[in-house]
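**Q** Build the 3D model from these lines:
(one chain, ligands or ions: 1)
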Amino acid sequence: MSEHHQVEMTTMNYDKDRPKAANPVKIEDLTLRDGHQSLFATRGRTEDMIPVAELMDEVGFWAVETWGGATFDTMHRFLNEDPWERIRTLKRYIKKTPFSMLLRGQNLVGYRNYADDVAKVFVERAAANGMDVFRTFDALNDYRNFETVVPAIKACGKHFQGCICYTMTEPRLGGEVYNLDYYVKKGKDLEAMGADSICIKDMAGLIAPYDAYAIVKALKASVKPPIHLHSHFTSGMSAMSHLKAIEAGVDIIDTCMSPYAYRTSHPAIEPLVMTLIGTNRDTGFDIKLMAKINEILERDVMPKYRHLLDDTKMSIIDINVLLHQTPGGMLSNLVNQLREMDALDKIDQVYAELPRVRKDLGQIPLVTPTSQIVGIQTVNNVLFDDENERYKMITGQVKDLCYGLYGKTAVPINAEVQKKALKGYPRGEEPISCRPAQVLEPELDKAKKEVGALAKDIDDVILYALYPVTGKKFLSWKYDKEPVPADVKPITMEQVKAKQELVKKALAGKLVEKKEKQAPAKGENLRTFNVFVDDDYFEVGVEEVGGKPVVSYVQQQAAPAPTSKPAAAAPKPAPPKPAVCKPAAPAAADVDGTALRAPMPGMIVKYEKNVGDAVTVGETVLVLEAMKMENALPSPASGTIKAINFKSGDAVAKNDVLCVIG
Ligand code: CO
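**A** The predicted structure is shown next:
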């Protein structure tokens with residue numbers, strides 16, 4: 001055959017003489033990043049990667065993805081792990097295979113555009129810590145958001161992989177916006193920027209096999225850099241799309257080791273290796289070596305993560321992706337958010353509202369962070385809008401998008417929504433059309449000053465600059481300024497085994513069934529006793545019913561350097577001594593006035609007002625982060641702030657009284 005990339009078969013004894021393929025398909029392994037991000041909420045720990053790291057290095061992957069996306073966020077927030085340390089640690093075991101990371105363009109590994117100084121130093125430090133391939137994407141496919149990071153990647157002598165986020169408005173490739181011409185044009189833009197390779201990033205598993213064929217074929221004909229396909233399994237199409245892309249001459253494919261494959265993750269590598277044996281695209285990988293890696297993962301690692309797997313359904317494909325074309329992760333976020341709000345019955349309204357919100361916001365691709373931005377705004381609309389008013393609660397991120405801070409949308413934003421979103425917007429009510437980061441003030445020096453001595457090196461400063469609230473919390477754990485909460489500590493195989501024993505006991509009917517009596521809320525007079533019965537141990541809370549009333553809230557803001565822990569995990573503080581309760585703001589329970597309650601569960605980012613400040617109705621009192629989106633909460637009344645019950649970093653439940661206005 002004349003075209004070198006077409007798949008050719010040879011007849012041979014595959015076991016004995018497996019000739020080296022003329023044009024082997026290159027493979028990037030995603031197990032250590034997108035794999036556990038997709039299946040286990042990004043909770044993979046470095047210590048669970050080490051047992052297979054050296055073997056993975058032997059497979060012959062083009063690259064292993066080790067970082068980026070949500071890992072940076074999750075590691076410091078939920079795992080008490082320094083994200084920088086992960087790259088350095090894995091590099092000691094994986095010495096031959098290049099490391100790849102997912103870089104969200106000017107969003108870096110966060111959810112907004114950062115200033116140029118932070119973007120540049122972030123890339124430099126990632127490279128210095130061991131990153132080799134920078135898979136760079138922008139949620140709007142606005143490559144002006146690459147203009148700062150790409151020269152930095154090149155200056156470090158590293159590989160710049162440019163992404164085209166794959167999205168669509170029709171059931172298949174085509175339509176007014178996201179048609180074949182669109183993808184070819186984007187490929188040419190990336191080539192002109194100096195891309196060392198070009199990745200079609202199909203984060204939702206939307207690409208149909210014949211569309212994958214068409215796009216790869218068209219890109220191979222019009223640009224020189226190698227073409228890479230990243231396609232999630234979510235809809236069930238991606239293994240077929242891989243094969244069609246290979247037939248069209250794709251250079252690199254993304255897969256996972258089988259324990260981390262399928263569902264919302266990626267197709268497994270092993271079936272592809274067998275499929276290509278005896279062809280001119282044979283990967284050359286040793287299937288026995290991969291079996292060895294899988295055995296270790298299954299035996300020593302997977303049991304620790306099993307509980308995180310969404311096994312509520314039998315089917316491993318998500319039919320909703322085929323129906324609604326929304327990324328799997330986005331859907332599970334929406335479902336979780338609705339569940340927390342006791343509004344799961346509104347899911348069909350959410351499905352109906354989603355395409356409307358997306359269209360209003362410029363028909364943007366749905367990928368982090370735009371998938372969250374569109375998703376959360378959709379939920380807000382369904383929960384808070386009424387027949388008189390649409391877009392009643394607009395998130396800070398939607399306001400930023402309307403201002404142009406994320407870049408240029410594929411089609412213009414609905415002018416009415418834009419106007420409403422920008423009313424009173426601090427940067428100005430007129431949207432910008434320049435490169436977004438051009439309007440951002442440098443941030444690095446400010447971050448350095450703010451974090452002060454808590455940061456011991458530039459990597460700490462960057463962590464803080466990207467994640468001021470949780471980053472600061474992490475640094476306090478890292479340097480022993482605050483105790484590490486139990487819920488961020490790793491679980492051991494011993495704990496897993498103990499739990500399995502318990503489940504076994506329960507299944508055998510040897511555990512006493514719990515009574516379904518509703519327990520009253522625990523009061524402040526609760527005292528805890530340890531009770532030992534033979535070898536069993538129970539922790540019992542004892543509380544006198546009808547005791548003297550006690551102060552139920554401490555004014556946390558006024559307290560000197562309080563330890564901050566997630567509210568759910570924090571032990572109840574001891575009742576305050578009366579002497580300490582000087583004229584600090586009284587507790588919410590004691591104050592007359594209008595309460596501002598949390599409309600949704602979330603985390604306090606900051607209070608814009610202090611106790612004693614005057615507010616007018618509608619004025620922002622505080623910013624609440626819910627599902628990673630910031631919501632400015634308006635004052636329900638005019639008056640004076642009488643009480644503030646939480647502080648920055650605190651987790652709050654729905655309906656918690658955040659402050660009282662009197
Ligand atoms: Co992905």
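**Q** For the stretch 451-600 of the chain, which residue gets nearest to the ion?
**A** Nearest to the ion, among the residues of the stretch 451-600 of the chain, is residue 466, at 20.0 Å (C-beta to the ion). All C-beta atoms are positioned from the backbone trio N, CA, C, and that covers glycine.
**Q** Before we move on, what's the pLDDT of that residue?
**A** Looking at residue 466, its pLDDT is 97.
**Q** Can you verify my assumption that residue 59 contacts residue 290?
**A** Yes - using C-beta atoms under 8 Å, residue 59 and residue 290 qualify as a contacting pair, with a distance of 6.7 Å.
**Q** I'd like to know how many residues surround the residue of the stretch 451-600 of the chain closest to the ion.
**A** If you count neighbours by other C-beta atoms under 10 Å, residue 466 ends up with 24.
**Q** Enumerate every residue touching it.
**A** 72, 108, 109, 110, 114, 118, 122 (C-beta atoms under 8 Å, 6 or more residues apart in numbering).
**Q** do that again at 10 Å, thanks
**A** Counting by C-beta atoms under 10 Å, 6 or more residues apart in numbering, residue 466 makes contact with 72-73, 76, 83, 107-112, 114, 118, 122, 443, 447.
**Q** Can you flag which of those belong to strands?
**A** Members of these lying in strands (criterion: DSSP state E): none.
**Q** which bits of the stretch 151-300 of the chain sit near the ion?
**A** residue 203 (C-beta under 5 Å from the ion).
**Q** need the helices for the stretch 151-300 of the chain, in chain order.
**A** Counting by DSSP state H, counting those that start in this stretch, the stretch 151-300 of the chain has helices at residues 180-192, 209-222, 238-247, 269-276, 287-296.
**Q** Let me have those in CSV, adding mean pLDDT and mean neighbour count as columns.
**A** Shown next, in CSV, are those (pLDDT from 0 to 100; neighbours: other C-beta atoms under 10 Å):
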stretch, mean pLDDT, mean neighbour count
helix 180-192, 98, 17
helix 209-222, 98, 20
helix 238-247, 98, 23
helix 269-276, 97, 19
helix 287-296, 96, 15
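**Q** Of all those, which one is nearest residue 395?
**A** helix 180-192 (27.7 Å; C-beta to C-beta).
**Q** quick one on the thing from earlier: same list (the helices of the stretch 151-300 of the chain) but as TSV, adding distance to residue 100.
**A** As requested, these are exported to TSV (distance: least, C-beta to C-beta, whole Å):
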stretch	distance to residue 100
helix 180-192	17
helix 209-222	20
helix 238-247	18
helix 269-276	15
helix 287-296	18
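**Q** and of those helices, who's closest to residue 418?
**A** Once the helices of the stretch 151-300 of the chain are compared by C-beta to C-beta, helix 180-192 is nearest, at 23.2 Å.
**Q** the inter-axis angle of the closest one versus helix 209-222?
**A** 40 degrees (axes from the mean of the first three to the mean of the last three C-alpha atoms, to 10 degrees).
**Q** Summarise which helices and strands helix 180-192 is packed against.
**A** strand 159-165, strand 197-202, helix 209-222 (3 or more C-beta pairs under 10 Å, 6 or more residues apart in numbering; DSSP states H and E).
**Q** Need the CA coordinates for it. PDB is fine.
**A** This file holds the C-alpha atoms of helix 180-192, laid out as PDB (Å, rounded to 0.1, in the frame of the first residue of the first chain):
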ATOM      1  CA  LEU A 180     -14.600  20.000  10.000                       C
ATOM      2  CA  ASP A 181     -13.400  23.400   8.900                       C
ATOM      3  CA  TYR A 182     -13.300  24.600  12.500                       C
ATOM      4  CA  TYR A 183     -11.000  21.800  13.600                       C
ATOM      5  CA  VAL A 184      -8.700  22.100  10.600                       C
ATOM      6  CA  LYS A 185      -8.400  25.900  11.200                       C
ATOM      7  CA  LYS A 186      -7.600  25.300  14.800                       C
ATOM      8  CA  GLY A 187      -5.000  22.800  13.900                       C
ATOM      9  CA  LYS A 188      -3.300  25.300  11.600                       C
ATOM     10  CA  ASP A 189      -3.500  27.900  14.300                       C
ATOM     11  CA  LEU A 190      -1.600  25.600  16.600                       C
ATOM     12  CA  GLU A 191       1.000  24.700  14.000                       C
ATOM     13  CA  ALA A 192       1.600  28.400  13.500                       C
END
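**Q** Please report the distance of the residue lying closest to residue 297 once chain neighbours are set aside from residue 78.
**A** Spatial nearest neighbour of residue 297, chain neighbours left out: residue 259 (4.6 Å); criterion: C-beta to C-beta, 6 or more residues apart in numbering. Plainly put, residue 259 is 21 Å away from residue 78 if you go by C-beta to C-beta, to the nearest Å.
**Q** more neighbours, the two?
**A** Of the pair residue 259 and residue 78, residue 259 is the one with more neighbours under other C-beta under 10 Å, namely 20 against 16.
**Q** For this protein, what lies in contact range of the ion?
**A** So the chain meets the ion at 34, 203 (C-beta under 5 Å from the ion).
**Q** Fine, thanks again, bye for now.
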